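1. Here is a sequence together with a model predicted from it:
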Amino acid sequence: AYGAISQANGLAPIIEPEILTDGSHDLETCMAVTQKVQAAVVKALHEHHILFEGMLLKPNMVLPGAECSKKYTNQQIAEATVSTLPRTLPSAVPGVCFLSGGQGEEEATNNLNEMNKLEVGRPWSLTFSYGRALQASVIKAWDGKAENVAKAQEVFYVRARANGLANLGKYTGDAATDAANASLYE
């Protein structure tokens with residue numbers, strides 16, 4: 001109903017189905033669950049007569065559980081995430097704005113970068129809508145002190161630029177810092 005109410009009032013809804021990284025599930029399990037959830041969401045959007053051209057999807061990336069013992073590369077995560085989308089998402093949707101889902105800043109940026117480097121046909125813009133993965137090191141640099149505002153602004157610029165480049169598949173890792181590499185999983 002949210003999407004229909006938004007569109008009836010001239011707004012573009014941002015639809016946010018999220019699979020959490022809690023647990024020990026592997027990448028393949030997250031792929032299957034993400035596909036099932038996105039299919040149900042798209043079915044509900046059809047039932048509510050949502051104009052797909054006038055909405056954005058804000059899903060999770062396909063990620064293993066935080067306690068999963070198997071490690072995956074950024075490219076494996078990118079391939080799993082991007083291959084899941086065409087199985088469920090209409091091509092009329094203009095953009096997919098990924099959640100960071102507890103990933104560290106650098107991990108989320110690298111995963112997005114790898115998605116946008118993939119040479120596969122995709123009708124959607126793949127971009128970011130991060131909270132913690134765009135703000136964590138900024139808040140740490142600021143530390144609530146007025147004298148740290150300029151430093152925090154510089155850190156924000158670096159993170160925003162890194163994600164902008166990742167949105168183009170052109171990020172080279174030059175924004176990696178200890179703070180950016182820290183896990184944000186809670």
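-> Perfect, thanks for sending it. Residues are numbered from 1 along each chain as shown.

2. Okay, and the beta partners of the residue most central in space within the chain?
-> Closest residue to the average C-alpha location of the chain: Phe98 at 2.0 Å, with CA atoms, centre = their mean. Beta-bridge pairing for Phe98 (DSSP bridges): Phe128.

3. Please, where are all the strands along the protein?
-> Assigned strands in the chain, in chain order: 14-15, 56-57, 95-98, 125-128 (criterion: DSSP state E).

4. Could I get those in a markdown table, plus columns for mean pLDDT and distance to Thr81?
-> All C-beta spots, glycine's among them, are computed from the backbone N, C-alpha and C. Conversion of these to a markdown table gives the following (pLDDT from 0 to 100; distance: least, CB to CB, whole Å):
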| stretch | mean pLDDT | distance to Thr81 |
| --- | --- | --- |
| strand 14-15 | 97 | 17 |
| strand 56-57 | 97 | 12 |
| strand 95-98 | 97 | 8 |
| strand 125-128 | 96 | 9 |
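
5. winner for burial among the ones you listed?
-> Sort the strands of the chain by mean neighbour count, taking mean count of other CB atoms under 10 Å, and strand 56-57 sits at the top with a mean of 22.

6. circling back: tabulate the strands of the chain (a markdown table), appending distance to Val33.
-> Shown next, in a markdown table, are the strands of the chain (distance: least, CB to CB, whole Å):
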| stretch | distance to Val33 |
| --- | --- |
| strand 14-15 | 17 |
| strand 56-57 | 16 |
| strand 95-98 | 16 |
| strand 125-128 | 20 |
